[in-house]
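Novice: Requesting a structural model of the entry that follows:
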Amino acid sequence: MTSAQATSSGRALIVGATGIAGQTVTRQLVEQGWEVFGLSRSGQTELPGATSITADLLAPDALAAVLAGTRPELVVITAWMKRDTEAENIAVNSATVRNVLSALENEKSVRHVALLTGLKHYLGPFDNYATGVMADTPFHEEEPRLSSPNFYYAQEDELFASAARNRFTWSVHRAHTIFGFATGNAMNMVLTLSVYAAICKELGLTFTFPGSDTQWNGVTDVTDADLLGEQIVWAGTHPEGENEAFNIANGDVFRWRWLWPRIAELFDVPWAGFESEPRPLTVQMAGKEDVWRTIAEREGLVEADVTRLASWWHTDGDLGRNIECLTDMNKSRNAGFMGYRTTPYSFIDKVERYRAAKIIP
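Specialist: Numbers count the residues shown, from 1 in each chain. From the prediction side, this is the model:
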């Protein structure tokens, strides 16, 4: 395969196309004139301008059949599956990468594969989260792997092995918490906090920070989904992005104690910060499903099932960490990717888009 030479368009396959990152990069590539195939397990989310493909990533024969003839030159893998243990996470998530790349092997069309991972590369897996961290913040890409098993490492190893065998280039993109606009996907802090704020307003409750003292008072960063998509496309179309792992965050840092009141103002709700201990959303929002249904029916919203919009446990996990989390972006900048976002703008932009789509009031 030849190196990318600032390719402007071609054929792309997005694996996990209905996710928060997958929908974004699909939309961006379509807008840039690419022929895009969007692969997902459900196929239920509309992907304007893209060809939707439904397949089980853990069924290799069926997967190979549906991908036959797609012949993508750029493959973007954003899908992952959560299991109860890290051993199970490794088994299924390494298999998804292996199965996708094996399915495409015979047609030899693939030039570049981009893999989305995240900060668990530095923090450790769910089973051993943030207990054996060796890296100092901000996290740098050259930090060695942790000793504990990690499905991100297993996915990378599948990617590296296939790249060596099939002579395509690769990139790995390590995102922090993603702020994005996506329909039919609940793994999204912006949408989760927006739903939480709307329920607080409906019930006259205080918009209370659910996380830890460390996250309330410490410095952190996040990743805008549009910025993530831009970096993925850049890495897949420029030689400087080949065969490298890149952090991807907005480029600014903030404290939740500064951002939280600004979010509350967007929804016109009173707020409270950290006070003595975390107050998780899984507890605060337990049994509130009918409240959201009432809001949705009264306001004419498109989704009345709160479980399809808000992921309380996922946001609790991010905001409940007792370790400082922020990433260094210099490697990406030095390679030529100069994109950035300001975090307040990122949050406001996504709220406005959710409101325009009648997903939140």
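
Novice: For the stretch 51-200 of the chain, just list every one of the helices.
Specialist: Assigned by DSSP state H, counting those that start in this stretch, the helices in the stretch 51-200 of the chain fall at 60-67, 86-105, 120-123, 151-166, 189-203.

Novice: So for Trp216, which of these sits nearest?
Specialist: helix 189-203 (14.2 Å; CB to CB). Bear in mind the C-beta positions are built from the backbone N, C-alpha and C, glycine included.

Novice: same for the closest one, what does it pack against?
Specialist: Contacts defined by 3 or more CB pairs under 8 Å, 6 or more residues apart in numbering; DSSP states H and E place helix 189-203 against strand 178-179, strand 207-208, helix 256-267, helix 281-284, helix 289-299, helix 312-319, helix 343-356.

Novice: neighbours of the closest residue to Thr85 other than its chain neighbours, just the number please.
Specialist: Leaving out its chain neighbours, the residue that sits closest to Thr85 by CB to CB, 6 or more residues apart in numbering is Asp127, at 6.3 Å. Look at Asp127: counted by other CB atoms under 10 Å, it has 14 neighbours.

Novice: Kindly report the same for Gly38.
Specialist: Using other CB under 10 Å, Gly38 has 29 neighbouring residues.

Novice: ok, and what's touching the strand or helix carrying Thr214?
Specialist: Using DSSP states H and E, Thr214 sits in helix 213-217. Here helix 213-217 makes contact (CB atoms under 8 Å, 6 or more residues apart in numbering) with 209, 255-257, 260, 273-274, 318-324.

Novice: try stretch 343-359
Specialist: 179-181, 183, 190-191, 194, 221-222, 224, 227, 250, 252, 254, 259, 262-263, 266, 299-303, 309, 360-361.

Novice: Going by neighbour count, which of those residues are buried?
Specialist: Among the contacts of stretch 343-359, those classed as buried by 16 or more other CB atoms under 10 Å are 179-181, 183, 190-191, 194, 221-222, 224, 227, 250, 252, 254, 263, 266, 301, 303, 309, 360-361.

Novice: circling back to that earlier point, now, among the contacts of helix 213-217, which is nearest to Glu73?
Specialist: Asp318 (34.3 Å).

Novice: Read off the pLDDT value for the residue nearest to Thr85.
Specialist: pLDDT, Asp127: 70.

Novice: Spit out the contact partners of it.
Specialist: With CB under 8 Å, 6+ apart, Asp127 has these contacts: 85-86, 148.

Novice: what about 10 Å?
Specialist: Asp127 is in contact with 84-87, 89, 148-150, counting by CB atoms under 10 Å, 6 or more residues apart in numbering.

Novice: Now restrict the residues you listed to buried residues only.
Specialist: Buried members of the contacts of Asp127, scored by 16+ other CB under 10 Å, are 86, 89, 149-150.

Novice: Please indicate which of the contacts of helix 213-217 are buried?
Specialist: Buried members of the contacts of helix 213-217, scored by 16+ other CB under 10 Å, are 209, 256, 260, 274, 318-321.

Novice: now, which of those residues sits nearest Val233?
Specialist: Nearest to Val233, judged by CB to CB, of the buried ones among the contacts of helix 213-217 is Asp318 at 25.5 Å.

Novice: so the closest one makes contact with Met189?
Specialist: Yes - with contact defined as CB atoms under 10 Å, Asp318 reaches Met189; the gap is 6.4 Å.

Novice: where are the low-confidence patches of the protein?
Specialist: Applying pLDDT under 70 to the chain flags residues 1-8, 43-44, 128-134, 185-187.

Novice: ok, 80 please
Specialist: For the chain, the stretches with pLDDT under 80 are 1-9, 42-46, 126-135, 183-187.

Novice: So Arg71 is in contact with Glu105, correct?
Specialist: No - Arg71 is beyond contact range of Glu105, at 11.9 Å (criterion: CB under 10 Å).

Novice: for Ala286, what are its contacts?
Specialist: By CB under 10 Å, 6+ apart, the contact list for Ala286 reads 280, 312.

Novice: any idea which helix or strand carries it?
Specialist: Secondary structure assignment for Ala286, by DSSP H and E: no helix or strand.

Novice: So it versus Asn188, what's the distance?
Specialist: The spacing between Ala286 and Asn188, counted by CB to CB, to the nearest Å, is 20 Å.

Novice: Leu101 now?
Specialist: In this view, Leu101 and Asn188 are 27 Å apart by CB to CB.

Novice: Compare those two (neighbour count), which wins?
Specialist: The residue with more neighbours, out of Leu101 and Asn188, is Asn188; 26 against 22, by other CB under 10 Å.

Novice: contacting residues for the more buried one?
Specialist: Asn188 touches 19-20, 177-182, 194-195, 225, 309-311, 314-315, 350, 354, counting by CB under 10 Å, 6+ apart.

Novice: make it 8 Å
Specialist: For Asn188, the contacting residues are 20, 178-180, 182, 311, by CB under 8 Å, 6+ apart.

Novice: Over to Ala245?
Specialist: Contacts for Ala245 (CB under 8 Å, 6+ apart) come out as 141, 156, 171-174.

Novice: Surely it is in a helix?
Specialist: No - per DSSP: H, G, I helix; E, B strand; the rest coil, Ala245 lies outside any helix segment and is strand.

Novice: Tabulate the buried ones among the contacts of Asp127 in CSV, adding columns for distance to Leu203.
Specialist: As requested, the buried ones among the contacts of Asp127 are arranged in CSV below (distance: CB to CB, whole Å):
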residue, distance to Leu203
Glu86, 38
Asn89, 36
Pro149, 43
Asn150, 40
